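Peer 1: quick one, structure for this:
(one chain, ligands or ions: 2)
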Amino acid sequence: MTADATSGPGALPMRVPAEGLPARVRIYEVGARDGLQNEKATVPTEVKAEFVRRLAGAGLSTVEATSFVHPKWVPQLADAEELFPMVRDLPVELPVLVPNERGLDRALALGARTVALFASATESFAKANLNRTVDESLAMFEPVAARAKGEGLRIRAYVSMVFGDPWEGPVPVGQAVQVCRALMDMGADELSLGDTIGVATAGHVAAVLTALKEAGVAVEATGVHFHDTYGQALANTLAALQHGVTTVDASAGGLGGCPYAKSATGNLATEDLVWMLQGLGIETGVDLGRLTATSVWMAEQLGRPSPSRTVRALSHQEQ
Ligand code: HMG
Ligand code: MG
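Peer 2: Numbers count the residues shown, from 1 in each chain. Ligands and ions are numbered 1, 2, ... in the order given. Have a look, this model is predicted:
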């Protein structure tokens, strides 16, 4: 114990388990993809590779590495071909985003083992992000999913704008569930429910999870992906855990956003999530000290402090 046991390096929350929560949570780390895709300055490939290595070294077992999307749409990740071979031998799962068969070809050529499709619950975002209607984008994913299955890959399927959309407002639960169901029917192994612009609140999360269960989607196959625009990401995560969710997406240091949804801010910070889970006695396998050091290092590379409250408290980083 340090003199100031509640902040600074080495501080940990008091462990007080609560009823009805899972014993273990898989943290799906998205900082290197969702975080860095939104950076104005292009981060050097070697820095990205070092970020992924440090995240794996901090105990994160799933580290989304990059995207095989059109390089003009997301120039920040245009170095996917250089980056992936630099990290692919790490002993962790390294999913990559693929929107179409061209993306799958590129991922397969480099030996990717998990691919993530990304659909939208709304027409406006499907158009902005994929240049397709919702139905056209699902039709684009069908052959990708079939081929990925045939190659023995694991498939994650994101659904964006599950809760609200900057152009269309609140999204009806049934509309989001329909897109989720279509992706599971294509053979997705897991879903990730995207609150792309961070407008979800806990009751809404519970309603979507209940509707998904009613639609036959197992909670074991359902992950949550909260952006923290309104400070609700941790509350929403707790609501999801209470409904049996055991996969939670988060971004080291709270990096993130989405280049095609201007109102999106960073994801739930992985450190904030780990602090809560440790306090609840929920296993994650993550070393909070090493993770915080990684985010402090990354913040230095980016030239600005991390927005994560936990990173700031543990590192005494200047605001
Ligand atoms: P398009 O312009 O309609 O593409 O874009 P197209 O199919 O008409 O093809 C046009 C040209 O692009 C062709 O080349 C293709 O080969 C090439 P040409 O024949 O003209 O020379 N092309 C590609 N090149 C490299 N890699 C590819 C690729 N695909 C086509 N994969 C497309 C359609 C889907 C490609 C485009 O809209 C795109 O790349 N979108 C990606 C947008 C993106 O990455 N957004 C961020 C990720 S989603 C997110 O952040 C949300 C999430 O975090 C969850 C949440 O928070 O909600 C996951
Ligand atoms: Mg996102």
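Peer 1: and the contacts of the helix ranked longest in the chain?
Peer 2: As assigned by DSSP state H, the longest helix anywhere in the chain is helix 134-150. Applying Cβ atoms under 8 Å, 6 or more residues apart in numbering, the contact partners of helix 134-150 are 98-101, 103-104, 115, 117, 119-123, 126, 130, 132, 155, 157, 179, 182-183, 186-188. (Each C-beta comes from the backbone N, C-alpha and C, glycine too.)
Peer 1: chain center to it, what's the gap?
Peer 2: Centroid separation for helix 134-150 versus its chain: 21 Å, with Cα atoms, centre = their mean, to the nearest Å.
Peer 1: go ahead and confirm residue 179 touches residue 118.
Peer 2: No - between residue 179 and residue 118 there is no contact under Cβ atoms under 8 Å: 11.0 Å.
Peer 1: hmm, back to that, near ligand 1, which of the contacts of helix 134-150 show up?
Peer 2: Counting by Cβ under 6 Å from any ligand atom, 99-100, 103, 130 from the contacts of helix 134-150 sit close to ligand 1.
Peer 1: I'd like those residues as a markdown table, with pLDDT and neighbour count appended.
Peer 2: A markdown table is the format used below for those (pLDDT from 0 to 100; neighbours: other Cβ atoms under 10 Å):
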| residue | pLDDT | neighbour count |
| --- | --- | --- |
| 99 | 98 | 24 |
| 100 | 98 | 18 |
| 103 | 98 | 21 |
| 130 | 98 | 22 |
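Peer 1: switch those residues over to TSV, and while doing so, append secondary structure to every line.
Peer 2: What follows is those, written out as TSV (DSSP: H, G, I helix; E, B strand; the rest coil):
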residue	secondary structure
99	coil
100	coil
103	helix
130	helix
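Peer 1: got the residues of the protein near ligand 1?
Peer 2: Counting by Cβ under 6 Å from any ligand atom, the chain sits next to ligand 1 at 34, 37, 67-70, 73-74, 97, 99-100, 102-103, 106, 118, 129-131, 158, 160, 194, 196, 225, 227, 258, 260.
Peer 1: since that was my last question, I'll sign off now.
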